[in-house]
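J.: my questions concern the predicted model and sequence given below.
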Amino acid sequence: MSKRVNISYLFSIILLLLTGCEQENSQTPSPNNGEEPVEILLSANVMQVSASIITRNDFVDETSFKDGTKQVGVFGLRTQDGSFNNQPYVDNFAFTNTNGKLSGDGHIYFPPGYGKITAYLYGYYPYTDDTELYRQGNEVLIRVKGGLSGTTDAKWANAQTDPLHATASHTIERIEGATNDRSQITLALPFYHKMAQLQITVETQSGNEGKYQLQEIITTFSEHQHGYMNVRDGVIISADTGKTEICTEILPNGGEFIGVSTIEKTVAPQSKHSVLPGTNAIKRIQIKVNGKEYEAFNATTAGKGINLTAGYITAIKINFNPSTDVQATLDDTWNTKEEHTFDTTN
């Protein structure tokens, strides 16, 4: 499905050229036609973070993102008087994020030229120094995978489970012989989570605690849970579109006894993972309790699947009541709150 191509060749042929050039003390070309240099400074932060939810290794949190040891990658393209320029500009440079300020080995300058010059910067995290990227059509892609992905393909062994993406742009107008208004500008890169996040909580009624042990959570996704993120727009697609994937999460130590929520205590989610976003992305959810499988959700019965939205947490609560029907409620809890009840059978 994908094709390995040299990054310089790839960036020279796509419409929105992601570009680069490296000189001493500069990560972009310094103006060399008499233009005054305008340095670009970069800042970055993670948007829409819920520290109470993002606790597993699948996810990126604000603290680790800014701790001074992590790097983000930046691609760049430019326009001059409304037309995209074919000369290289920024080509997958690495920047260290320290308390929201990005720093590299040298300076970044605004693209050279006169007239209205627009710089477009595309950031992604975490940085990869691969010399080759991947192409689907004319788009530049990096590999990603959900935390439940069962792929054994070695190409996805180090794929990112929570890639972040940001865009920023700025326009200046250079007039030959005139002085720049500023010698520096600062562009903020707001990084967004581009995967969806799924958490599943199973609880039971009072009196059942200590009797029923949750052993497995089985989720059927409408598409495979490994794929690609477009470095230009941050859109994620599955590597095997249209092929379902059944992901079985086996709880450690033979499972755990299902608890009961009270005023003083809540049941912690037994499953929290990054997942590929998509419409009708979940087709079925089952749980295995005391060796028996129960169905908690079925898209055919419900008339539609469960949507997974990039940058959102989808929280699913399964009420395990073996004497009646098992029921599941769904709650999108990041930016909006929406509740659904599914009537299901044992």
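T.: The structure has been received and is ready for your questions.

J.: any idea how far the helix or strand hosting residue 227 is from the middle of the chain?
T.: Remark: residue 227 resides in strand 226-230, with elements defined by DSSP states H and E. A distance of 9 Å separates the centroid of the chain from that of strand 226-230, by CA atoms, centre = their mean, to the nearest Å.

J.: pLDDT of the very next helix or strand once past that strand, averaged?
T.: Tracing the chain past strand 226-230, the next element assigned as helix or strand by DSSP H and E is strand 236-238. Per-residue pLDDT values across strand 236-238 average out to 94.

J.: ok, then the element right after strand 236-238?
T.: From strand 236-238, the next helix or strand downstream (DSSP H and E) is strand 245-250.

J.: angle of that following strand against strand 226-230?
T.: 110 degrees (axes from the mean of the first three to the mean of the last three CA atoms, to 10 degrees).

J.: list the buried residues for strand 245-250?
T.: Residues of strand 245-250 classed as buried by neighbour count (16 or more other CB atoms under 10 Å): 245, 247. Where you see a C-beta, it was placed from the backbone N, CA and C, and this is true even at glycine.

J.: may I have that strand as PDB, with CA atoms only?
T.: Coordinates of each C-alpha in strand 245-250 appear next as PDB, following Å, rounded to 0.1, in the frame of the first residue of the first chain:
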ATOM      1  CA  GLU A 245      -9.600  -6.200  13.400                       C
ATOM      2  CA  ILE A 246     -10.600  -8.000  16.500                       C
ATOM      3  CA  CYS A 247      -8.500  -6.900  19.500                       C
ATOM      4  CA  THR A 248      -8.600  -9.100  22.600                       C
ATOM      5  CA  GLU A 249      -7.200  -7.500  25.700                       C
ATOM      6  CA  ILE A 250      -6.400 -10.200  28.300                       C
END
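
J.: contacts for the next helix or strand after that strand, please.
T.: Using DSSP H and E, the helix or strand that directly follows strand 245-250 along the chain is strand 256-257. The contact list for strand 256-257 (CB atoms under 8 Å, 6 or more residues apart in numbering) reads 209, 210, 211, 212, 213, 214, 270.
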